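Student: here are the coordinates; sequence isn't available:
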C-alpha cells in the first residue's frame, strides 16, 4: 500500500529568509517603496501579494510588484540552503517506501527551481496554495501526513483530514502550531526520521 508525505517548502524544507530579504529590498528600491526585506523574511508563509498589502504597498502596485519579484527571484535560488535535516527527512520517507509531495504558497515555477537546485527527487510539487487551500492538493495527491512550520500549514492539513506535524523552524512556535491543529511537534527536520520510524506506516 502506497503512502505519501507532504511538506511545506519555505522554512520547512528550505531557509529562504536571506534570499527573500534581498529580493524584497531590491523590489522596494526599484519601486521607491519602504519595503523592508527582513520583515518579510520573518513572516514567510502567506502569499507575497498578501504580505505586500500588509506592508502598506498600494493596491494598484501589488500585481506589478509580484511580477517583478518573480523576475528577480531566480537569481537568488542558488544561495538558498536546505533546512537542517531536510535531506535526511526526504530520504527517510523514501527508505520506507513513501512518496514525497511539496505543497507551498510559493509560486510553483519558483518552487520547482529550488527542487532542481537542491537535486531533490520529489514526486509532486504544487505551488500557489495557502492555508486551507492546501487541502485541495493534499487530498488530490493522497497525502497521509503534512509537515509544515506555519499555522496555515496546520489548517491545510486539518481541512484535508490528514495528520498535521508541526516543525518550529518558521514564524510560529509550538503553541501556535498546536492551536492551529498540529497533532505533534518536532523542533526541526533532524528529528523527523526518528519520529517517522516510531509513528509512520508499518
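Tutor: On my side now, so go ahead. Everything quoted here is computed from the prediction, not taken from an experiment.

Student: Now for residue 53, which secondary structure element holds it?
Tutor: helix 48-54 (DSSP states H and E).

Student: so what does that helix touch, helix or strand wise?
Tutor: helix 59-72 (3 or more C-beta pairs under 8 Å, 6 or more residues apart in numbering; DSSP states H and E). Where you see a C-beta, it was placed from the backbone N, CA and C, and this is true even at glycine.

Student: quick check, distance from the helix it packs on to the centre of its chain.
Tutor: 20 Å (C-alpha atoms, centre = their mean, to the nearest Å).

Student: So what touches that helix?
Tutor: Residues from elsewhere that reach helix 59-72 (C-beta atoms under 8 Å, 6 or more residues apart in numbering): 23-24, 26-27, 30-31, 33, 48-49, 52-53, 57, 107, 109-110.

Student: Go again with 6 Å.
Tutor: By C-beta atoms under 6 Å, 6 or more residues apart in numbering, the residues outside helix 59-72 that reach it are 23, 26, 27, 48, 49, 52, 107.

Student: Check whether residue 125 sits in a helix, strand or coil.
Tutor: Following DSSP: H, G, I helix; E, B strand; the rest coil, the label given to residue 125 is strand.

Student: correction: residue 101
Tutor: Per three-state DSSP, residue 101 ends up strand.
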